Structure formats: C-alpha cells, structure tokens
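# got a sequence here, can you build the structure:
(2 chains)
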Number of protein chains: 2
Amino acid sequence: MSNVQPPLGAPNAPIRGFPASEFALRTQKLQALMAQHALDGLLLLTEPEIRYFSGFHTLFWQSPTRPWFLFVPAAGKPIAIIPEIGAELMHQTWIDDIRTWSAPAPSDDGISLLTELLAPVADTGGRLGMLKGHETHLRMPLGDYERLMAALPGLKVTDATPLIRALRMVKSEAEIEKLTHICSIGSRTFDEVPKLAREGLAFEDLFRLFRREALYQGADDVPYLVGGADQGGYHDVISPPSPRPLQRGDIFMLDTGATWDGYYCDFDRNWAVGRADDASRRAYDVLWRATEAGIAAARPGTTCRELFHAMQAVIAELDDQGGDVGRLGHGLGMQLTEWPSHAAFDDTVIEENMVLTLEPSLSYGDGRIMVHEENIVVRADGAKLLTKRAPVDLPVI
Amino acid sequence: MSNVQPPLGAPNAPIRGFPASEFALRTQKLQALMAQHALDGLLLLTEPEIRYFSGFHTLFWQSPTRPWFLFVPAAGKPIAIIPEIGAELMHQTWIDDIRTWSAPAPSDDGISLLTELLAPVADTGGRLGMLKGHETHLRMPLGDYERLMAALPGLKVTDATPLIRALRMVKSEAEIEKLTHICSIGSRTFDEVPKLAREGLAFEDLFRLFRREALYQGADDVPYLVGGADQGGYHDVISPPSPRPLQRGDIFMLDTGATWDGYYCDFDRNWAVGRADDASRRAYDVLWRATEAGIAAARPGTTCRELFHAMQAVIAELDDQGGDVGRLGHGLGMQLTEWPSHAAFDDTVIEENMVLTLEPSLSYGDGRIMVHEENIVVRADGAKLLTKRAPVDLPVI
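Down below sits the predicted model:
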C-alpha cells in the first residue's frame, strides 16, 4: 500500500447542488427569451445544458453510448426523455415529467418518445430551438437526428445558441461560490508544486503528484491537466506529459482544470528549474503585465474585443502576431471553456457576474511559447481575482 | 502540505504511443473497407477516431470550443484539418498533411478548408463516409455541418459507422498491452479499498482516496468513478458520491474507468461494511456466477446476444426483468464504453482480440440494485481475465 490518510477535504466548502428555486429561475429566464424569439420549445442534448436546467449531475456522460434529452416547453417545467438507467437520479432533481426507455436501443434510442413529444409543435408548424451555433455540437447520432426531422416534417428548427449563451455566461451567486471554491483549491495545489517538483522527476510523475495534491486539497476531480517543459522554454501547451525528467534550465508550465461539484477552475503557472534564462524571464514579465492590463479592463460595459486588445497591447512588446491560440481567455463555469472569447471577433459586452479566464500567451525565442492564466469574477466595480495571483517574477525551483 | 512522496508509478509499464506502422496498418484496413463500400473518403470528427488513425492524443478535447477534422482519402495518409493550437502536437504524429486555421473563428471554423478539401469528391458526385450511427455523435456545430453540406451539393454522405466499428472492436497486441496494464492498475487499486474505507468515512472522501490510490498505482487519470452506498444495498449506479458517512450494514460499490496512455479499464467491486445482509449476499453470489457464465461463453464465434443470454440465465434466478440498464457489458478501449453491446439486440459475432466488459446486474429487495463487472480479452481458446477476479463471496470490511 501507499498513502492511507484521510484527505484534508475542503474546508468551508459550499453546499453541493442548487435549490429548486434556482432551476425554476433559470427556466423562467429562458422561457422569457424563448417568448421574445417566438420559440415553442427548446430541445437540449448536451451535459452542461441538461444539468443547468435540471440539476442532473453524473459522470455517466463519459459513456458515449446513450443520448439524453431535455425539452423546455414555452411554459412549465422541463421534460426529461432519458435512458432508464438515469431515472433514479433524475427523480432526485426538480423535474417531474421523466420519460424513459431501456437504452441502448439502436433501433429506437428515444426517437419515438421525442417524436410523440414534439408532434404537437410540429403539427402546428411550430419553432423548436436547438443548439446549432459556435462551441456546440450534436450529442446524438446524426442519423437519428435526420430520422427525427423526417418524422416531424412541419418542425422548424432554429438555432437557440444565443439564448443559452446569454443565460449561462452570467453566473448566479451560488455558481460563483462554487467557482471561488475550486479556484482556491487550485491555488493551494499550485502553491505545493515547488515541494513536489525537482530536478530528475519525470514530468509525467509530476502530473500524477499534482493530481493527487489537488484531490487532497479538496478537488472532486482533475479532468484537465496539460503542460510543457523544456530547456529555456516549452514548445506546446496541449501535450500530455512526457516521461522526460525535469532538468536544470527547464521552464515548465502546468495548466489545470480541476472541478468541485461540477464547476471548473482553469489556470496555469510557470516555473524555472534551477535557473531562469533571460528570455523566459522577459516573456513571463510581459505576460504578467498583460494579465494586469486584462484585470484592469475587465469591467461591466467593456467588450471582449476591448479586453483582448488591452492584453494584446502589452504582449506586442515581445510578440505582435496576435497569438496562434486564437484568443486570450474565455468564459468559465460548468465547462473548462465557455463563451465568450477574448478575441478580436467577439463583441460580447462584459456583464456583472461573468466568470472569465485571462490567458495571455506569446511566442518567443526559437519557437518557444509561454502562457499565463488567472480566473476572475466581474463585479460592478471591476474584476475580482478568484485565483491567488501568480508571483510577479518567474519563480525558480 | 500533505503527502509529498514519489509515486510508485507503473512497474513494467508498456511503451507509450504506437509505432507509425500501426497507424499505417489501421489506415490500410480502413481503406480496404472503404473500397468495398465504394467510399471516396471518410471524415472523422471525434477524439477516439482521430486518435486511432493519427496518434493525436491530448486532453485538450475537454474544451468544446474548437472542432477538429481528420480526412481519410481512398489511398494515402490521412489529412488533418485542425486548429493551429494543435499543429505542434500533430506534427509529432505520422501525419504529413496538416492544414490549420487560427481557431476559434465562429465565422469559419475550418469550413473553408474542409470545403476546399472535399470539393473534388463533391464535384464528381462522390461518396463521403461519416459517423452517423449508434454510439456516435456530431462533434461540430450542427449549423456549420449544414453550411458545409450546402456548399458541397454534389456530396453523398454515407454512414461509415459499421466500418469504424468493425476495426475498433478488434484490438491490436499493443492496445491489449495497454488495456492489460490499466486493468492491473485498477485491480491493485481495488485491493486497497478495504484499507481506505471505514465506518464513518464520507462516501465522497472515499472517492477522493480511491482516485489518489489509482494515481499512486500508476493510472494517468480517473475520468470515471461512480458508486452507491446504502443500508442493505444501493439504489443507483451512476450517482456522484454523497457526503453521507459509510455505516455498518451498508453495501457499497465503486465503479471506475481509470486510464493509462488513453486506454480505459472499466470495472467495479462491491463490499459490505461490518456485516452483509442475506439478500445482498445472495445477489452477489448470483452476479458472481453470471459473470462465470459470461467468461465461459465469451469465445470467438459466439454472438453478443448469446453472451447476454448466458449471463441472463443465471441472473433470472433472482431477477427475470432483463435489466433496466439495457445491457450486460460492452466493448472497452479508448472509450469507457465501446461497441459491441451484450444485449438481446446485438448479433455481433465475438472475435479473437476483442476486449470486453462482463457486467451483469440485477434488482433485488426493495428497489436495490447490484452490479458486478470484470474485463476480459477474447483469445482463440476463450476469455482471459484482464482484471483480478472479484472474491467469490461479498467481502465484508
């Protein structure tokens, strides 16, 4: 054996889940938007959306086998059409109307139940909202979707992405509490890295130690952990870890999406092993100041484009390419990355109670890359850090 | 701090990744099937498929923001059409033709590049394979898919699920080696549970200890961990853990999908706390023997339907409902659950080198449920266990 000891757990952890009133409020807000857009119903297929309006929370989504459906009518509670294996758990939510089938059933995985439910909308030439827009996907077999549409020829399917996006981007206080909690767990975990990392430790073993530490600090899970390490700077920010041991002169980065009660933190930290080269110190300094510019700019009324340019103006001291990663941060919540994007294309106006990442990055030297990341909540008077601010100078272990 | 100690890591771990020859062979086999089905190309969008034919392996798929595409032509290497952020990692694979764009780009997230690539196929009224069948989904915005189809009116999209399914169901020796390794890590982790669990421990803290132990034993990650615990038996098998402390008389189950180098184990174990009630002992015994029946039946030439009935015949001693979970096991590999299904609807013929779960379950008593699960590889002479067989009697902690 190994390491039996009680975990520290999460001191002052918020209450798990949400009261039914929160789901009712979310549904009312959606139905108000649906009325504005003349939608007769909305069909949701993806985990965050189904959880957002029902409270249905399970890791069973890891299995791609079964589709799940939540229908939001123009008025009244959502209706769940789900595999029987989820019935017990769905009955613990605020949803009353739960229709199930014994899944998997390749010949009819919920399609008959959906057809029956949607027929009244289709028969009157009604409009059904679905997620068809940016950052969404169709979590059911495309063939089944086509069969469903063929069975409901009168149905007008409309993209409801803007409605869901508008709601989910602005967090409730209960959501912010969960996000604050997981960001604080992430910060405590990063604080331990100088004690975990050392010259000669395989990078993949550092990943393992980091995950264990995050769990010890109270995370439920660490679904996302990527990083890079190399002499004088890393080349890639999405790789799985290599078995290469850390060496003196390495710059390394860990970027984690840990979760608590289904909410993510998403931030990274950089370190140097033994010594830090001048180019990496300089890159770190530029990114640290770009983040400061982002923190100062992230206020209600600013657009994401303006926030992007505020950070990019500092980054341009070293790298005027604008970043191949495509954006300098994004929304954060039930997913590792959510709308909006801090990018030149995104004119979303930042609102109070948005939770955002600030994630400036740059290329330097001989194809090196560096990324810096913090998580914030936007309040009436400006950004408040959810993460413990990274040190002003590149830390040397 | 906490618990700094070097992890045990994974003794005798296989080599990570695959040689280029394995990807070449997979691609050749696919292209042979494509020729049989008169397909001019195949477009893949999902993580396991893109990894299977390219070797592209990253946790970055956790972010739903960006679509990724791999096109398999009728002959020659696959072509990657991916966000620029993945270029560095894709260049480390055997793929040569890598076309990128600066994503996210809501107005054109790879659609122009795809249109250009597919135009020659469309212009000749060619047939493009895509995954439209059971257990698949469309991992790109539905709106973008519709725009792509509108731009390529000559294109005939055909469901290629049976081709990919046939290939991925039968594992190579290198894949079996990885699956053997992660199953052995899972078995060692379950062996420690009697030392981790105790009366009074919050069930959610047991989950945290279990995840830490799995990492200590050498798992890269524990993406899936569900369970149930209650007096005289649990009611649900897909729930996240509750803070309820384990109590004397509880029956509890942990079901894990841990990973090593991107391959999953998927099995569970049951325990009683302090004492085991007769009904639960009896349910356990039936499921243990149903699994034995499954192990005996899982030979090349048997169908999944026959395998299902072999297990169901034993389960029927206690529960003749056939199981609301819909099936009694499935394929295992790069996903927690893969084709085929051990179910009455699935007439897939079991082949040598399939890796399968055997997962008999039943309802008993007052709405209790119990699940038992092992992982096997099918060899010419029958099933070989990848997991350390569960004890013959319900273990009491």
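
# all helices for chain A, in order.
Here chain A has its helices, by DSSP state H, at A:20-36, A:47-54, A:87-90, A:111-123, A:142-151, A:161-169, A:173-196, A:203-216, A:278-297, A:304-315.

# in TSV: the ones you listed, plus distance to chain B, mean pLDDT and mean neighbour count.
Where C-beta positions appear, they are placed from N, C-alpha and C, glycine not excepted. Converted to TSV, these look like this (distance: least, Cβ to the nearest Cβ, whole Å; pLDDT from 0 to 100; neighbours: other Cβ atoms under 10 Å in any protein chain shown):
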stretch	distance to chain B	mean pLDDT	mean neighbour count
helix A:20-36	17	98	16
helix A:47-54	8	98	22
helix A:87-90	4	95	18
helix A:111-123	12	97	17
helix A:142-151	4	98	16
helix A:161-169	8	98	19
helix A:173-196	5	98	21
helix A:203-216	5	96	24
helix A:278-297	17	98	20
helix A:304-315	12	96	22
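
# which residues does stretch A:122-129 contact?
A:34, A:37-43, A:118, A:120-121, A:152-160, A:163 (Cβ atoms under 8 Å, 6 or more residues apart in numbering or on different chains).

# pull out the buried residues from stretch A:221-231.
Going by neighbour count (16 or more other Cβ atoms under 10 Å in any protein chain shown), the buried part of stretch A:221-231 is A:Asp221, A:Val222, A:Pro223, A:Tyr224, A:Leu225, A:Val226, A:Gly227, A:Gly228, A:Ala229, A:Asp230.

# may I have that stretch exported as CSV, CA atoms only?
Provided in CSV are the C-alpha atoms of stretch A:221-231 (Å, rounded to 0.1, in the frame of the first residue of the first chain):
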residue,chain,number,x,y,z
ASP,A,221,-11.6,15.6,-10.0
VAL,A,222,-8.9,16.9,-12.3
PRO,A,223,-10.4,16.3,-15.7
TYR,A,224,-7.8,18.6,-17.4
LEU,A,225,-4.1,18.8,-16.8
VAL,A,226,-1.7,19.7,-19.6
GLY,A,227,1.7,21.2,-19.6
GLY,A,228,5.1,21.7,-21.2
ALA,A,229,8.7,21.5,-20.1
ASP,A,230,11.9,22.1,-21.9
GLN,A,231,15.3,23.9,-21.8
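
# check contacts around A:Ile164.
Applying Cβ under 8 Å, 6+ apart, the residues near A:Ile164 are A:Leu30, A:Leu44, A:Glu49, A:Leu131.

# just to revisit the earlier point, out of the helices of chain A, which gets nearest to B:Ser187?
Among the helices of chain A, helix A:203-216 comes nearest to B:Ser187, with 18.3 Å by Cβ to Cβ.

# angle of that closest one against helix B:203-216?
Interaxial angle, helix A:203-216 versus helix B:203-216 (axes from the mean of the first three to the mean of the last three Cα atoms, to 10 degrees): 170 degrees.

# mind giving me the packing neighbours of helix A:203-216?
helix A:173-196, strand A:221-231, strand A:250-260, helix B:203-216 (3 or more Cβ pairs under 8 Å, 6 or more residues apart in numbering or on different chains; DSSP states H and E).

# what is the end-to-end distance of stretch A:375-394?
19 Å (Cα to Cα, to the nearest Å).

# swap in stretch A:338-352?
One end of stretch A:338-352 sits 16 Å from the other (Cα to Cα).

# domain-wise, how is chain A divided?
In the assignment given by automatic domain parsing, the structural domains of chain A cover A:20-169, A:173-385.

# distance to B:Leu386 added to those domains, as JSON lines?
Shown next, in JSON lines, are the domains of chain A (distance: least, Cβ to Cβ, whole Å):
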{"stretch": "domain A:20-169", "distance to B:Leu386": "19"}
{"stretch": "domain A:173-385", "distance to B:Leu386": "22"}
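
# tell me which of those sits nearest to B:Ala313.
Closest to B:Ala313 of those is domain A:20-169 (Cβ to Cβ; 18.9 Å).

# and the closest one, how far apart are its ends?
First residue to last in domain A:20-169 (Cα to Cα) measures 20 Å.

# and it, how far out from the chain middle?
Counting by Cα atoms, centre = their mean, to the nearest Å, domain A:20-169 is centred 20 Å from the centre of its parent chain.

# could you do stretch A:386-395 as well?
In terms of Cα atoms, centre = their mean, the centre of stretch A:386-395 is set 22 Å apart from its chain centre.

# and if you look at stretch A:15-24?
Distance, centroid of stretch A:15-24 to centroid of chain: 20 Å (Cα atoms, centre = their mean).

# residues touching it, excluding its own?
Outside of stretch A:15-24, the residues within contact range by Cβ under 8 Å, 6+ apart are A:Phe53, A:Ser54, A:Gly55, A:His57, A:Lys77, A:Thr93, A:Trp94, A:Ser172, A:Ala174, A:Asp261, B:Pro243.

# put the alpha carbons of stretch A:288-304 into CSV.
The C-alpha trace of stretch A:288-304 is given here as CSV (Å, rounded to 0.1, in the frame of the first residue of the first chain):
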residue,chain,number,x,y,z
TRP,A,288,2.2,39.1,-16.0
ARG,A,289,1.7,42.7,-17.1
ALA,A,290,-0.7,41.7,-19.9
THR,A,291,-2.7,40.0,-17.2
GLU,A,292,-2.7,43.1,-15.1
ALA,A,293,-4.0,45.0,-18.1
GLY,A,294,-6.7,42.4,-18.5
ILE,A,295,-7.7,42.7,-14.8
ALA,A,296,-8.0,46.4,-15.1
ALA,A,297,-10.0,46.3,-18.3
ALA,A,298,-12.5,43.5,-17.3
ARG,A,299,-15.4,45.7,-16.1
PRO,A,300,-19.0,45.8,-16.9
GLY,A,301,-19.6,47.5,-20.2
THR,A,302,-16.2,46.6,-21.8
THR,A,303,-16.4,44.3,-24.8
CYS,A,304,-14.3,41.1,-25.0
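
# interface residues of the stretch 251-397 of chain A facing chain B?
Within the stretch 251-397 of chain A, the positions adjacent to chain B are A:Gly257, A:Asp324, A:Val325, A:Gly326, A:Arg327, A:His330, A:Gln335, A:Leu336, A:Thr337, A:Ser341, A:Ala343, A:Phe345 by Cβ under 8 Å from any Cβ of the partner chain.

# so how do I select the buried members of those in PyMOL?
Per 16+ other Cβ under 10 Å, the buried members of those correspond to this PyMOL selection:
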select buried, chain A and resi 257+324+325+326+327+330+335+336+337+341+343
